[in-house]
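In: Structure for this input, please:
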Amino acid sequence: MSTRTRDGDWFLALESRQLLNADLLEGSRPVVQFDTTYGEIWIELRPDVAPLTVANFLNYVNDGDYDGSVFHRAVAGFVLQGGGYEWNSVTNRFDETPEDAPVLNEFNLSNTERTIAMAKLGDNPNSATSQFFFNLGNNAGNLDNQNGGFTVFGSVIKGWEIVTGIMAGPIINFGGSIFNTTPVTNNYMQGGTPAGNWFVTINDAELIYDPVRSIDVSVDNISGLAGAGGSTIVTGVNQLNQPVVFRQDGLLGQWHVTDLVLEAGGPRALSEAIAWFDPNDGLAYAAVATNQGVMLYRDNGNGTWSRRNLTSETSGAIVISNLTSFQSGDNRVHLAGLDPDGDVVLFAQSTSVGANGRLWGFRDLSDNLRDQNKTVPVFFGELTSWVTSWGAFNIAGLDAQGKLQAVWKPSGTTDWNSSNLSDITGAPALSGGLTVFQTGWNAINIVGIDAGGNIQATWWLPGFGGQWRVNNLTTASSGPALVASSLSSFVAPWGALNIVGLDNSGNVFAVWWAPGGQWRASNMTSIVRDTDPDAQLMTSAVTGIVTPTGAISLVGRGEDGDVVRYWLRAGQPWGYENLTELATFG
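Out: Got it, this is the predicted structure:
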């Protein structure tokens, strides 16, 4: 299956995802969002180690006591403290935050950088109420060893740059022992009358994720596929970077949704999740790259999911890019991605079976190329893969210049090769990801978007010999410019070729060709809204899914974050469904 990313700044997106995963352990925990003067700070709470403290903190959050409060203390390299005071613009003074009863000390975690801990009175370990602080450095040697140890009850998983940005601003001595290191905004005027916009404020504190009560299904990076048995799977990653799976059994069956981290544990995702139905056991699987390894999830067939760490099992590499999957002719599943050095690495299913199912192996394909003194491509962004009808393995992507690069292996061999397909085919520079499809007449089609938003198809037929052709399908179909990295593709059972993507307004367009015809472009959003005027636009790459019975789904992220699909079945007009609203949990 092909994979995509929403924008071309892949490494920037990756950097933020790595930050999000920096301090996370197994499992899923509540997350509170501070909407501050300078942006959002997300705090993952640790009720597993500090249950009373977390309950105390959430009481203040849920009662709105932190709304309008300010950060009143900032000591560089040490702490940023808040939760105790709010500026009163009527009296021009600070009011104290209402306090609940003190909470018992629960020191179990060290005061390391990016953690959040409770402030308390000196020589009184059990005196914490509303005030908290962020540890700006590793304060374990100090704060772990005084006053019973300061209770750490969470860590910043998003928005650490907001915390450091606050510390980069002016810090003012307003007098006294409480407000002598108070951070202020650029609105501060020396000698002026204090005003509310002087102070760095928590405008709103909100529990945005509670794994006990609900799961978040506002997802992105959506992909999907249909199985031979009539099941359809759609995968995504929610705003907490947890893989989510929607599943429908049968063309008109009920949709169900599962948060894989809540169900089976595991760290959060560095990339989108991908899924497949294993031809060997008929079960559904999903895989995702994480900072602890490639996690393989299996639907056990009884309503539960289990998890394995393929990196640990194979002594393989961490993958920091997307994963792309393909199946060999002997029904073995392969997962490819990029490791931290940019090498193309491959996890391959074995024919041997262990206690947890098929065993897996690992290989660094870039090392194999080096051993042969062959060129090692440097990929920028996401990979896609396919297997030809004659058994050749192919993994492809773009380099920093937008050129098509591929590593490939002929059937029956063990060594891999590399090719610059742009130099071979004459393809123009492309941006974003690629989508690849093959036809029943053995045509290979590698499709991407050029700088002008045109669909460029690089394609080959056995009858061409060693020659490739390049066609501008936007020109051929009189279609609109499309957003880079919004493409996917599929072949309908009757042989129609389809490329789907988004225009700049969020409309889903299909550029398609039916045997004996010519390339055409259709505004699928307009067609669907003729049936359902409330159908949402899409804001993510569009995934095309075809069932064995010929039903077609175009699935993506809707305007409100929901998973939505446009779909067609025999004898019916195009329809619309909001899978997030339809799906039941479990």
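In: show me where pLDDT drops low in the chain?
Out: Low-confidence segments of the chain, defined by pLDDT under 70: 1-28, 211-224, 228-229, 586.
In: How is the residue in it sticking out farthest from the centre assigned, secondary-structure-wise?
Out: Most distant residue from the mean C-alpha position of the chain: G191, 47.6 Å away (CA atoms, centre = their mean). Here G191 is recorded as coil under DSSP: H, G, I helix; E, B strand; the rest coil.
In: same question, W87
Out: With three-state DSSP as the basis, W87 sits in strand.
In: Not counting its neighbours along the chain, what's nearest it?
Out: G196 (4.8 Å; CB to CB, 6 or more residues apart in numbering). In this view, the C-beta of every residue, glycine as well, is placed from N, C-alpha and C.
In: Tell me which stretches of this structure form helices.
Out: 10-20, 51-62, 140-143, 160-168, 260-264, 310-314, 365-371, 421-425, 473-477, 524-531, 579-582 (DSSP state H).
In: Quick one: closest of the ones you listed to E40.
Out: E40 lies closest to helix 160-168 among the helices of the chain, at 6.9 Å (CB to CB).
In: can you give me the strands for the stretch 51-200 of the chain?
Out: Per DSSP state E, counting those that start in this stretch, the stretch 51-200 of the chain carries strands over the ranges 69-75, 79-88, 93-96, 115-118, 132-135, 152-158, 171-172, 182-183.
In: in stretch 38-58, what counts as buried?
Out: Buried residues in stretch 38-58, counting neighbours by 16 or more other CB atoms under 10 Å, are found at 38, 41-47, 49-50, 53-54, 56-58.
In: Go through those residues and say which is closest to S478.
Out: W42 (45.2 Å).
In: before we move on, back to that, of all the strands of the stretch 51-200 of the chain, which lies closest to N331?
Out: That would be strand 152-158 among these, by CB to CB, at 39.2 Å.
In: Which secondary structure elements does the closest one sit against?
Out: Helices and strands touching strand 152-158, by 3 or more CB pairs under 8 Å, 6 or more residues apart in numbering; DSSP states H and E, are helix 10-20, strand 39-45, helix 51-62, strand 115-118.
In: Go again with 7 Å.
Out: Applying 3 or more CB pairs under 7 Å, 6 or more residues apart in numbering; DSSP states H and E, we find strand 152-158 packed against strand 39-45, helix 51-62, strand 115-118.
In: can you list those in JSON lines and add distance to L252?
Out: Shown next, in JSON lines, are the helices and strands packed on strand 152-158 (distance: least, CB to CB, whole Å):
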{"stretch": "strand 39-45", "distance to L252": "39"}
{"stretch": "helix 51-62", "distance to L252": "41"}
{"stretch": "strand 115-118", "distance to L252": "48"}
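In: Out of those, the one nearest F393 is which?
Out: Of the helices and strands packed on strand 152-158, nearest to F393 by CB to CB is strand 39-45, at 39.6 Å.
In: Could you check the angle that closest one makes with helix 51-62?
Out: Here the directions of strand 39-45 and helix 51-62 differ by 150 degrees (axes from the mean of the first three to the mean of the last three CA atoms, to 10 degrees).
In: hang on, A406 packs against D423?
Out: No. Applying CB atoms under 7 Å as the test, A406 and D423 come out as separate, 11.3 Å apart.
In: Give me the more crowded residue out of these two.
Out: A406 (20 against 11; other CB atoms under 10 Å).
In: Look up how far R93 lies from the residue lying closest to W42 once chain neighbours are set aside.
Out: Among residues not flanking W42 along the chain, K158 sits closest, at 3.8 Å (CB to CB, 6+ apart). K158 sits 33 Å away from R93, going by CB to CB, to the nearest Å.
In: So which of those two has more stuff around it?
Out: Between K158 and R93, counted using other CB under 10 Å, K158 has the larger neighbour count: 21 against 10.
In: now the strands: where do they sit in the stretch 251-400 of the chain?
Out: All strands of the stretch 251-400 of the chain, identified by DSSP E, counting those that start in this stretch, fall at 255-259, 274-277, 284-290, 293-299, 305-309, 324-327, 333-338, 344-354, 357-364, 384-387, 393-398.
In: which residues touch stretch 452-466?
Out: Applying CB atoms under 7 Å, 6 or more residues apart in numbering, the contact partners of stretch 452-466 are 404, 421, 425, 427-428, 430, 442-450, 468-475, 481-482, 499, 511.
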